[in-house]
Structures are given as structure tokens and as C-alpha cells.
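# coords below, sequence missing:
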RNA sequence: GCCCCCAUCGUCUAGAGGCCUAGGACACGGCCCUUUCAAGGCCGAGACAGGGAUUCGAGUUCCCUUGGGGGCACCA
């Protein structure tokens, strides 16, 4: 049968970088194997579900280019299904009604923890008689449904990334709840029912789910279903190997987007966390699909490195064509709305190598082309030594019909002024931009425009006359 | 407390017993190039957590220690 995988986030906030990596690896695995990528929203915890998070997830995935083939399914639309399975388990004696109150359970749990014992359910309600059950029910006591853990349970998970993992019976907290008293299924139950019904072949998820697996295996057995292949991805941790903290930068897709990261950059960087290509690291989604393999994912946790993310991002900025780059940069170019598209593209291309993120683009454009320049006193000497160059070039520029051929204007100016090389170009650059570095002058001048160039050159001469 | 996972340069990683005096990338330092530069080129510094065992031979296999992480819910 063909590969079927799913990405199953809970809508409790914006997609986190760890979730995105999980989504990406599922997606890559599906695409690589001509499989189906399913999106399922696990919204069975009403208190933690936010409608805005739901649409946010869809937007984030779309932005990243991770398109899904089926879904989005919402677990909240499937409550009848879970309920009917829970009832079936009840009938088959695989589960039982539990009348313990949450408060009661919490007390027992804390007590056990305090005594250094594993906090497992006592099994108080495991063997209630019919009479006891109907008495409790007639009292109006609400109940949850617990899964009965068989004595002979054995837990072996064959993980694609970690190999064989054996679990102790202690890994199980005792009989666990599958249906809450409000009729909502719990995670461990709902995932298995859904994965089973949706014919999921490979469950690719974060390592934090590893210890849930034995419990889920038990449900598969109760269902008499073959479990899928598991692959537990390593966690993403902070740069000091601690938990990813909010302070360390931006961890939601939304924040990354707002910071001017390209979807190509984010996806490329994330693919490199836990997996690595043979040679070139900078890759497009297509290239990633080509080379990706789940078996090669490393089992050890990886640290999030914002510096490398930015470097990768820059590589993608360098690779895009002007048109595309402009469309990506648009949200950051609000102040440039009325500028002609052609000019913007030229300006962007001239400064792109200074931009690690899209956010840098407007900064750089303003820096070279828009802001009033104020010449720093530290350049006085250099400007003075190149005064001749500035004068000559200014003169030529004024008389030039066409400024598209800056090179020959330069050649002429070099001949006339007697200055050359750095001694010629550097003063002109400073006069024109106020900085020692920036885009190539031959590119910069036509973008700046003749009028503005003249203005700035004259301004620099005035600067020299003033004071001294 | 119990269970599980992980362990190569600062970071991401290559490495599936001899190819390793451990390779690459980011970051870092230096040099070169260049009409500027944050670009490019070259060079450099920088790691197999510790201890046993197996083996002719261990970064690579096994065990222990240590360290890090995850889980033990009517959260997912």
C-alpha cells in the first residue's frame, strides 16, 4: 500500500518551529514516496483550542509550501466515532467506567509522587459490579471510560530512527482514560482511532511522543489492527541545549515571516536540523524531496541556530529573480508603494547581497537611495584628496546626455582628474552615499538618477568649503 | 521516585571496525582579491564526555558512569 502520513497539530497557538519541522519531514517523506500527506487538527481539548490558531496553521503551511492532500480533518467533527469505539471497548470488557472525580485522582497522584511511587491509577473502579455502576449512575455521578491494561502487555516499538525500543510495564501509568466525562476522547485514544481509520502507514512525530507509544500500541491491539511504522524525530532545543525559550528569538512561523525570512529559507534550514544532504546544503523544496530520506535522520536533539538560518535565508535571497524577490519583499516596502516597479527591482537587486532578511531590504534602499546624506567629518580628508575627481566627474555628469554608460564617464574622469583606482572611486562613493561601502557605483548611479547624483556631489563640495 | 531517548569542533553534521594524523557547513580569526563592502577566494583555530570490555585493530560494537532531554494527566 502507498505511503500515508499525517501532520496533526493541536490548535493552541501559532505553529511552532518544532511543529513545522515535523510537518516538513512528514511532507518530504510523503512527496519522496509519492504518498499522501494528511492534515488533521487535534482539537479535543476545548480549553486550549483557539479558532484563530486553526486558520493560522492553514496559512502557515500554505506559506511554507507544504500542501496537504487530504483534510484538514478536525477531531471535534469526529466525536461520534471515538464514542462508538469507546463503547465497543466497554462491551468487550477492554475498558470500564470510572467514577473517580478529577480532584480525587489528583490527590492520589500527588500523594504517590510524594512517596516516590509511580503515579499510577489505583484501579479502584476496575471491577465495579453492575449494581454498583447503576447505583453510581442513578446518583448522577459522571464517569469517564478507562482502558484496561492487559497483564501480559509487552511493548516493543520498532522505530525507523532509533531502532528497537523496549518499554517496561512501568511506562504505563495504569489503566488510562480514553473518553473523558464530557464525552471528549483523550489524545492517546483519538490518535490511534484516527490513524487506524485514516490508514496511516508511518507516524512521524516528535520524540516527546515516544513514551506515549506503548499506550497507543495497546489500543492498536484492542482494535486488532496492525500498528503503523513509527519514526520519532529528535527535539529542537535552544542554542545552549536547554529548552527552546521564547526569549531566544522567534519560534513561530508567524514571527519568522514578520522578521523577513523566506519560506524557502525556513524550510531549508529546518530540513538541516536532524538531517543532512550529501553535499550542497542550500536547497529548494524540490531538491530536498529528491534527496530526503527518513532513515538518515539523526536521533540526537539539535540546537536552533539563528545565525545559520539567516545565512541560509540570504542564500535564497541571492537566488531569487528580481520579480519574485520584489513580491516577497512587498509587505516590507509599504513606504515604497508609489515607486515604479522597475526602479524597485533594480534597487533591490543592487543591495540584495547586503540583505539577510527581507526586512533588511527597505533599510538598505533607504540608506543608499533615499535618505538625506550627512557627511561624517572623518571623511573630510578623503573627500579633500579626491576633490578633483568629484569636480571632474560632476562636470561630466552634468553634460552627459545619457547616464547609462557610467563606465566611460569614469574613464574620462580618471583621465582628466589624474586620479585613479581607490583614490578616484572612494571619494566619489562617499560623496554619493555618505558611506565607504555599498553597491557597485556603476549600478548605483543610474538608480540614484542624474539629478540626485549631481545634488549629492555638489553637496559634498559645499561640505568641503564649509568650516575649513 | 519510575520509565524512555540522546551523547563527534561553539552550533548543524559526515562517519554504518581498518579509507580518520576525524571530512563539510555556519559562526570565529588571518591573509588575498577588489573602485567600497558585509560578497568571493585561500589559510587557520576548533571535537570523538569518562571508564571498562570485545577485537590484531574502536569515533564506529557491548556494559557502566556522568551529563542533557522527554514522559509518567479527564493536555496534545
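Now that the structure is in, tell me what you want to look at. Just so it is clear, the structure is predicted and the values come from calculations on it, not from any experiment. Numbers count the residues shown, from 1 in each chain, chains lettered A, B, ... in the order given.
# got the residues of the stretch 201-350 of chain A near RNA strand B?
Residues of the stretch 201-350 of chain A found near RNA strand B (Cβ under 7 Å from any atom of the strand) are A:207-212, A:234-235, A:237, A:239, A:241-243, A:272-274, A:276, A:281, A:296, A:298-303, A:305, A:307-308, A:311. All C-beta atoms are positioned from the backbone trio N, CA, C, and that covers glycine.
# Now the buried members of the residues you listed.
A:207, A:209-210, A:234-235, A:237, A:272-274, A:302, A:305 (16 or more other Cβ atoms under 10 Å).
# wouldn't residue A:310 be in contact with residue A:358 here?
No - using Cβ atoms under 8 Å as the test, residue A:310 is too far from residue A:358 to be in contact (11.5 Å).
# what residues are shared contacts of those two?
Residues touching both residue A:310 and residue A:358 (Cβ atoms under 8 Å, 6 or more residues apart in numbering): residue A:261.
# Among these two, which residue is more densely surrounded?
Neighbour count, other Cβ atoms under 10 Å: between residue A:310 and residue A:358, residue A:358 has more, with 24 against 18.
# How is residue A:373 classified with respect to secondary structure?
The local conformation at residue A:373, judged by DSSP: H, G, I helix; E, B strand; the rest coil, is coil.
# ok, back up a step: mark which of the buried ones among the residues of the stretch 201-350 of chain A next to RNA strand B are part of helices, please.
With helices defined by DSSP state H, no entry of these lies inside them.
# what about residue A:389, how many neighbours?
Neighbour number of residue A:389 under other Cβ under 10 Å is 25.
# pretty sure it contacts residue A:422?
No - using Cβ under 8 Å, residue A:389 is not in contact with residue A:422, being 10.8 Å away.
# Which residue ranges of the stretch 51-200 of chain A form helices?
A:51-64, A:79-91, A:102-114, A:130-138, A:187-197 (DSSP state H, counting those that start in this stretch).
# Quick check: which of these is buried the most?
Among the helices of the stretch 51-200 of chain A, ranked by average contacts under mean count of other Cβ atoms under 10 Å, first place goes to helix A:187-197 (a mean of 22).
# And RNA strand B, is it touching that?
Yes - applying Cβ under 7 Å from any atom of the strand, one finds helix A:187-197 in contact with RNA strand B at A:187-188.
# and if you look at stretch A:45-63?
Yes - applying Cβ under 7 Å from any atom of the strand, one finds stretch A:45-63 touching RNA strand B at A:45, A:48.
# Check stretch A:153-161 too.
No - contact of stretch A:153-161 with RNA strand B is not found when judged by Cβ under 7 Å from any atom of the strand; the minimum separation is 7.6 Å.
# Only the buried residues of that stretch, if you could.
Those would be A:155, A:157, A:159-161, for stretch A:153-161 by 16+ other Cβ under 10 Å.
# So which of these sit within strands?
A:155, A:157, A:159 (DSSP state E).
# where does the first one land on pLDDT?
pLDDT, residue A:155: 78.
# So what sits opposite it in the bridge?
residue A:167 (DSSP bridges).
# could you measure it against residue A:199, distance?
23 Å (Cβ to Cβ, to the nearest Å).
# just checking, residue A:136 touches residue A:130?
No - counting by Cβ under 8 Å, residue A:136 sits too far from residue A:130 to count as a contact (11.0 Å).
# near RNA strand B, which residues of the stretch 351-468 of chain A show up?
A:353-354, A:364, A:407, A:410, A:421-422, A:424-426, A:429, A:436-442.
# Give me the buried entries from these.
A:354, A:364, A:410, A:424-426, A:429, A:438-439, A:441.
# could you pull out the helices for the stretch 201-350 of chain A?
Counting by DSSP H, counting those that start in this stretch, the helices of the stretch 201-350 of chain A are A:213-222, A:253-258, A:263-271, A:285-291, A:306-319, A:322-329, A:341-351.
# for the ones you listed, which one ends up most surrounded?
It is helix A:263-271: most buried of these by mean count of other Cβ under 10 Å, with a mean of 23.
# what's next to that helix, contact-wise?
Under Cβ under 8 Å, 6+ apart, the answer for helix A:263-271 is A:17, A:20-21, A:24-25, A:28, A:63-66, A:253, A:256-257, A:281-285, A:288, A:292, A:308-309, A:312-317.
# Pull the number of nearby residues for residue A:200.
Around residue A:200 there are 23 residues (other Cβ under 10 Å).
# That one reaches residue A:40, doesn't it?
No - in this structure, residue A:200 is not within contact of residue A:40 by Cβ under 8 Å, at 9.4 Å.
# Overlap in contacts, the two.
Common neighbours of residue A:200 and residue A:40 (Cβ under 8 Å, 6+ apart) are A:6, A:194.
# Show me chain A divided up by domain.
A:1-70+A:234-319, A:80-179, A:322-370, A:377-465 (automatic domain parsing).
# Mind pulling up the pLDDT for the spatially closest residue to residue A:85 that is not a sequence neighbour?
Nearest residue to residue A:85 in three dimensions, chain neighbours excluded: residue A:193, at 5.4 Å (Cβ to Cβ, 6 or more residues apart in numbering). On the pLDDT scale, residue A:193 is placed at 97.
# distance of residue A:193 from residue A:157?
19 Å.
# One more: residue A:384?
Distance from residue A:384 to residue A:157, by Cβ to Cβ: 76 Å.
# repeat for residue A:125
Distance of residue A:125 to residue A:157, given as Cβ to Cβ: 29 Å.
# Kindly report the same for residue A:73.
25 Å.
# taking the buried ones among the residues of the stretch 201-350 of chain A next to RNA strand B one by one, which sit in strands?
A:237, A:302.
# Contacts only, for the spatially closest residue to residue A:341 that is not a sequence neighbour.
Spatial nearest neighbour of residue A:341, excluding adjacent residues (Cβ to Cβ, 6+ apart): residue A:326 at 7.0 Å. Listed by Cβ under 8 Å, 6+ apart, the contact set of residue A:326 reads A:333, A:341, A:344-345, A:348.
# swap the cut-off to 7 Å and go again
A:344-345, A:348 (Cβ atoms under 7 Å, 6 or more residues apart in numbering).
# Switch those residues over to JSON lines; also include pLDDT and distance to residue A:108.
Converted to JSON lines, those look like this (pLDDT from 0 to 100; distance: Cβ to Cβ, whole Å):
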{"residue": "A:344", "pLDDT": "90", "distance to residue A:108": "66"}
{"residue": "A:345", "pLDDT": "92", "distance to residue A:108": "67"}
{"residue": "A:348", "pLDDT": "92", "distance to residue A:108": "64"}
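# Out of those residues, which comes closest to residue A:86?
Residue A:86 lies nearest to residue A:348 out of those, by Cβ to Cβ, at 57.9 Å.
# Does residue A:227 touch residue A:219 like I think?
No - counting by Cβ atoms under 7 Å, residue A:227 does not reach residue A:219; the two are 9.1 Å apart.
# Can you get me a residue count around residue A:115?
Every residue meeting other Cβ under 10 Å relative to residue A:115 is counted, giving 8.
# What is the burial count for residue A:352?
Neighbour number of residue A:352 under other Cβ under 10 Å is 20.
# Same check on the one 4 residues further on?
If you count neighbours by other Cβ under 10 Å, residue A:356 ends up with 20.
# Hmm, it is touching residue A:313, no?
Yes - counting by Cβ under 7 Å, residue A:356 sits close enough to residue A:313 to count as a contact (6.0 Å).
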